[in-house]
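Colleague: Next comes the sequence, and after it the predicted model I'd like to discuss.
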Amino acid sequence: MNVKRYLRLLGIQLKASGLLSLQYRADFFTEGLTSLFWTFTALAPLFVVYGERPNIEGWSFGEALLVVGWFTLLQGILEGAINPSLTGVVEHIRKGTLDFVLLKPADAQFLVSTQRFQPWRAFNVLTGIGLFVYAFMHLGRWPSVTGLLASVLLLGTSTLLLYSLWILTVSAAFFVVRVDNLTYLFTSIFDFARWPSSVFQGVGRGVLTMVFTYVIPLALMTTFPAQAMLGRLPPQSLVGAVVGAGLFAWGSRQVWLRSIRRYTSASS
Amino acid sequence: MSARTTLRAFPTLLRVGFAEAVAYRAEMLIWVLSTTMPLVNMVLWMAVSREAPVGRFGEADFISYFLATFAVRQLATSWAAWLINWEVKQGTLAMRLLRPISPLWAYAVESIAAFPMRLMVGVPVMLLSVALVGQKAVPQHAWQWGFVVLSVIGGWAVAFLANVAIGALCFFLESSQKVLEVWLVLFFVCSGYMYPVELLPPTLRTIIDWLPFRYQIGVPVEMLTGAHGWEASLRLLAAQWAWVAVLGVVAAVAWKQGVRRFAAFGG
């Protein structure tokens, strides 16, 4: 009953966003072109690096390209589905209009997280898929069915992790008011996810690997799915990723509930 | 709008700008933390050079190169294009135009006045670089330090003037944010921000030598890591300031033509 109601709500929110986006159809091309262009910044260092070496920390060019593909795909999800809604929350907090959301008879986190989708911004999802195809052509083989299934499952956990990290960032908005540039901070931390995580091994005696696996789980988001596609992700890592993402989402939910208690409307 | 009024207003504008930079220091810190790109690339290149050096770059050289990039990026940067777009859209540019001093000077001063605060980030990063890599992370001769100062100022000027030129396009295009994005992508790829341009194939390097991007970040960073001898440094600095002159003319013309088309909304 409750689930049905929330599904219907999600449908309504999606429809509203969809209609709004249809008014700006031309954006599909401008947004698409610019995001394709930005992808170039992720690829250029890879070309330069692999021009020097055939293999880096056990990753060949095609394999590292898969990680960049996952990075690009998740960027598309972030830009199209997560960012628009959650920047809206920051705006709500600053202006004090979050009151209207809190008064509605539905879960506030659900409402703010689904308030806005920008499908044209999600162009990078297509670019990411294009990169997968190119990478596998380069490798000269195709992924196994189980590998693909595992990577689809990991797409779910990666999205959940990304979303939870964003919720944590947004919760900070209740404590520090000026946070529109927290968006940039967030994306620039996410930038570290563009390389295979084994690159971090030698830095600071493995501390960085620990941080990016357990504290800010960037390795789980891009390296794990790429490994799954290649069929070399150990099963226990897959289970660990699913359980870890679940725990992370639960934790961020608790932080959100605590933070929202601190909300005082702007006008009073 | 004579030169004398501009000069007389300068100290006050600098003081105001500095006070603003101090007041919004937390925000500035977040901006600083969000320029992680050199560090992202540093870890990659460190992994690459662990077994054997790449060109003349060993692991330590990459550390000093990218920390210098991070430090220079704090200074040789400008957000004027974004600001101009915003002010034109909001109509607040009208107020700036009423003042007896060109808005361009105001934008420039705002960014220069933030230098002391930004140095407070850049200098410790360079000290860290020296602590990690040793003395060779910074220039050894006094004349090289002169080149560092001049090239960082030049790098800032390239960034600022290009920003003004792109910002002025919004008088003609409604919004020039997309043009700015194109510029930024080219900047990332061609400037030495993500990798030393030395590591690129020769043909690409020749093209990049003729483009402005390298002179914003790459050249100051190379000076700061003492990569060049006297003659090469002089040649690069001349090329950099030639670009400053070209961009200065382009920015001035674009702005002058653009402002004529400006019409603020509202009363």
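Modeller: Looks like it arrived, so ask away. Not measured: the values here are computed from a predicted model. Numbering: from 1, shown residues only, chains lettered A, B, ... in the order given.
Colleague: only C-alpha atoms for contact and neighbour calcs from this point on.
Modeller: Will do.
Colleague: where exactly do the strands run in the stretch 51-200 of chain A?
Modeller: A:55-56, A:59-60 (DSSP state E, counting those that start in this stretch).
Colleague: Surely A:G147 is in contact with A:A226?
Modeller: No - A:G147 lies out of contact with A:A226 (CA atoms under 8 Å); the separation is 9.4 Å.
Colleague: Who has more neighbours out of those two?
Modeller: Higher neighbour count among A:G147 and A:A226: A:A226, with 28 against 19, using other CA atoms under 10 Å in any protein chain shown.
Colleague: Can you list phi and psi of the residue in the stretch 1-150 of chain B positioned nearest to chain A for me?
Modeller: Nearest residue of the stretch 1-150 of chain B to chain A, counting by CA to the nearest CA: B:S34, 4.5 Å away. The phi/psi pair for B:S34 (degrees, to the nearest 10) reads phi -90, psi 0.
Colleague: and B:V182, what helix or strand is that in?
Modeller: Here B:V182, judged by DSSP states H and E, is contained in helix B:177-190.
Colleague: Please spell out which residues along that helix are buried.
Modeller: Residues B:Q177, B:V179, B:L180, B:L184, B:V185, B:L186, B:F187, B:F188, B:V189, B:C190 are the ones in helix B:177-190 that count as buried (16 or more other CA atoms under 10 Å in any protein chain shown).
Colleague: Can you give me the pLDDT of the residue of the stretch 1-150 of chain B closest to chain A?
Modeller: Note for B:S34: predicted pLDDT of 82.
Colleague: Same check on A:Q75?
Modeller: So, for A:Q75, pLDDT stands at 90.
Colleague: Give me every residue in the stretch 51-200 of chain B lying close to chain A.
Modeller: Residues of the stretch 51-200 of chain B found near chain A (CA under 8 Å from any CA of the partner chain) are B:V54, B:K178, B:E181, B:V182, B:V185, B:F188, B:V189, B:M194, B:Y195, B:L199, B:L200.
Colleague: top helix in the chain by residue count?
Modeller: Answering for chain A, as no chain was given. helix A:145-172 (DSSP state H).
Colleague: Chain B is the one I meant
Modeller: From DSSP H, the single longest helix across chain B is helix B:230-260.
Colleague: which bits of chain A sit near chain B?
Modeller: So chain A meets chain B at A:34, A:37-38, A:40-41, A:44-45, A:48-49, A:52-53, A:56-57, A:178, A:181-182, A:184-189, A:191-192, A:195, A:199-200, A:202-203 (CA under 8 Å from any CA).
Colleague: Whichever of these end up buried, select them in PyMOL.
Modeller: Here is the PyMOL command that selects the buried residues among the residues of chain A next to chain B (16+ other CA under 10 Å):
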select buried, chain A and resi 34+38+41+45+48+49+56+57+178+182+184+185+187+188+189+191+192+195+199+200+202
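Colleague: Please work out the average pLDDT along stretch A:151-161.
Modeller: Here the average pLDDT along stretch A:151-161 is 92.
Colleague: do the same with stretch A:56-66
Modeller: 89.
Colleague: for stretch B:141-157, same thing?
Modeller: Per-residue scores along stretch B:141-157 average to 93.
Colleague: Give me the contacts around it.
Modeller: Contact partners of stretch B:141-157, identified using CA atoms under 8 Å, 6 or more residues apart in numbering or on different chains, comprise B:72, B:75-78, B:139, B:215-217, B:219-220, B:223-224, B:226, B:233, B:237, B:240-241, B:244.
Colleague: so where do the strands sit in chain B?
Modeller: Along chain B, counting by DSSP state E, no stretch forms strands.
Colleague: in it, which residue is closest to the centre?
Modeller: Centroid check for chain B by CA atoms, centre = their mean gives B:A76 as the closest residue, at 2.5 Å.
Colleague: Just the buried positions in the strand or helix carrying A:S252, please.
Modeller: Element membership for A:S252 (DSSP H and E) is helix A:235-260. The neighbour-count check on helix A:235-260 (16+ other CA under 10 Å) flags A:L238, A:A241, A:V242, A:G244, A:A245, A:F248, A:A249, A:S252, A:R253, A:W256, A:S259, A:I260 as buried.
Colleague: Adding distance to B:F66 and pLDDT, write those residues out as JSON lines.
Modeller: Below are the buried residues of helix A:235-260 laid out as JSON lines (distance: CA to CA, whole Å; pLDDT from 0 to 100):
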{"residue": "A:L238", "distance to B:F66": "35", "pLDDT": "90"}
{"residue": "A:A241", "distance to B:F66": "32", "pLDDT": "90"}
{"residue": "A:V242", "distance to B:F66": "36", "pLDDT": "91"}
{"residue": "A:G244", "distance to B:F66": "33", "pLDDT": "89"}
{"residue": "A:A245", "distance to B:F66": "33", "pLDDT": "91"}
{"residue": "A:F248", "distance to B:F66": "33", "pLDDT": "90"}
{"residue": "A:A249", "distance to B:F66": "35", "pLDDT": "92"}
{"residue": "A:S252", "distance to B:F66": "34", "pLDDT": "92"}
{"residue": "A:R253", "distance to B:F66": "37", "pLDDT": "92"}
{"residue": "A:W256", "distance to B:F66": "37", "pLDDT": "88"}
{"residue": "A:S259", "distance to B:F66": "37", "pLDDT": "85"}
{"residue": "A:I260", "distance to B:F66": "40", "pLDDT": "83"}
